[in-house]
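In: Got a predicted structure here, sequence first:
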Amino acid sequence: MTDWQAIRADYESGQSLRDIVASHGSSIATISRVARREGWIYPPRKQGDKEAWIKPALNHRQEYEQGASLRDIAARYGGSIATISRVARREGWVRPWVRPVEPLEIRKQRNSSSPTYKVRTRKVSGSHTTKQVQEQLKRQKCRCYYCKAKFEQRYIYHVEHTFPLSRANGNDPINTIDYIVLACPTCNLKKGNKYPWEWPEGGKLL
């Protein structure tokens, strides 16, 4: 049977959770949970222990940003996988394979400079602005033009040309906002390069 009074005495005397588990059994997670629930007070870290903490923390970060697994980092330098993950998110540590998120304007500039996009838009007349797209989003009440599903995850949608660019003949201004709606990725990919009357599933035959 677990002696919680002895565990509390060791906890409030400043012993590490690892040592308490080795002496009394149970687990670090269980002891931490009971300590929070019962209001046990862990003594403040001594000033002399500060330098001893900085070095393992730096080692954790170096290994983390070099791509070592969390299991290996925890086994080599101590700590739990959950704690290392939490500290990494809080401090902004970056894994080597994580590509930084590009600002929206840079993504638009890169996409608009792609050869395929240039070839398609060169064959059609008209243009639209970001402000017009945002106004269209409000008119559609943040819902897909075809299935009426509400856009999720901060309005993830596709700018849908009702008359496909790949089949443009150059006469109609199909790149203007009058020919553009906002659709969920599923509907946009299903519609493909069809005209509205060629895709009855969308319910927009005219």
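Out: Thanks, I have it. Numbering: from 1, shown residues only.

In: Wait, residue 162 touches residue 180, no?
Out: Yes: with contacts defined as CB atoms under 8 Å, residue 162 counts as touching residue 180 at a distance of 7.1 Å. Placement of C-beta: from N, CA and C, glycine included.

In: Neighbour count for the two, which is higher?
Out: Comparing residue 162 with residue 180 by neighbour count (other CB atoms under 10 Å), the higher total belongs to residue 180, at 20 against 17.

In: Might you report the residue contacts of that one?
Out: Contacts for residue 180 (CB atoms under 8 Å, 6 or more residues apart in numbering) come out as 128, 133, 136, 159-162.

In: Just name the closest of those residues to residue 189, please.
Out: For residue 189, the nearest member of the contacts of residue 180 is residue 160. The distance, counting by CB to CB, is 10.2 Å.

In: Once you drop chain neighbours, what's closest to that closest one?
Out: Leaving aside its sequence neighbours, residue 160 sits nearest to residue 183 (CB to CB, 6 or more residues apart in numbering; 4.1 Å).

In: and the one you found, what are its phi and psi?
Out: For residue 183, the backbone dihedrals are phi -130, psi 160 (criterion: degrees, to the nearest 10).

In: pLDDT value on the residue nearest to residue 80 when sequence neighbours are not counted, please?
Out: Leaving aside its sequence neighbours, residue 80 sits nearest to residue 74 (CB to CB, 6+ apart; 6.1 Å). The predicted structure scores residue 74 at 81 on the pLDDT scale.

In: ok, back up a step: now the contacts of residue 180 in a markdown table, with distance to residue 88?
Out: Listed next are the contacts of residue 180 as a markdown table, based on distance: CB to CB, whole Å:
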| residue | distance to residue 88 |
| --- | --- |
| 128 | 41 |
| 133 | 36 |
| 136 | 39 |
| 159 | 35 |
| 160 | 39 |
| 161 | 42 |
| 162 | 45 |
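
In: Any chance of these in CSV with pLDDT, distance to residue 23 and secondary structure as columns?
Out: Output for these, formatted as CSV (pLDDT from 0 to 100; distance: CB to CB, whole Å; DSSP: H, G, I helix; E, B strand; the rest coil):
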residue, pLDDT, distance to residue 23, secondary structure
128, 83, 69, coil
133, 87, 64, helix
136, 89, 66, helix
159, 88, 63, strand
160, 89, 65, strand
161, 87, 69, strand
162, 87, 71, coil
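
In: Most widely separated two among those residues?
Out: The distance between the two most remote of the contacts of residue 180 (CB to CB) is 14.1 Å, for 133 and 162.

In: okay but residue 188 is in contact with residue 158, surely?
Out: Yes: at 3.9 Å, residue 188 and residue 158 qualify as touching, with contact defined as CB under 8 Å.

In: from memory residue 181 sits against residue 162, does it?
Out: Yes: here residue 181 reaches residue 162: they are 6.0 Å apart, a contact under CB under 8 Å.

In: Look at residue 87 and say how many residues are nearby.
Out: Neighbour count for residue 87, taken as other CB under 10 Å: 15.

In: still on that earlier bit, who has more neighbours, residue 188 and residue 158?
Out: residue 188 (20 against 16).

In: now the more buried one: how far from residue 157?
Out: 8 Å (CB to CB, to the nearest Å).
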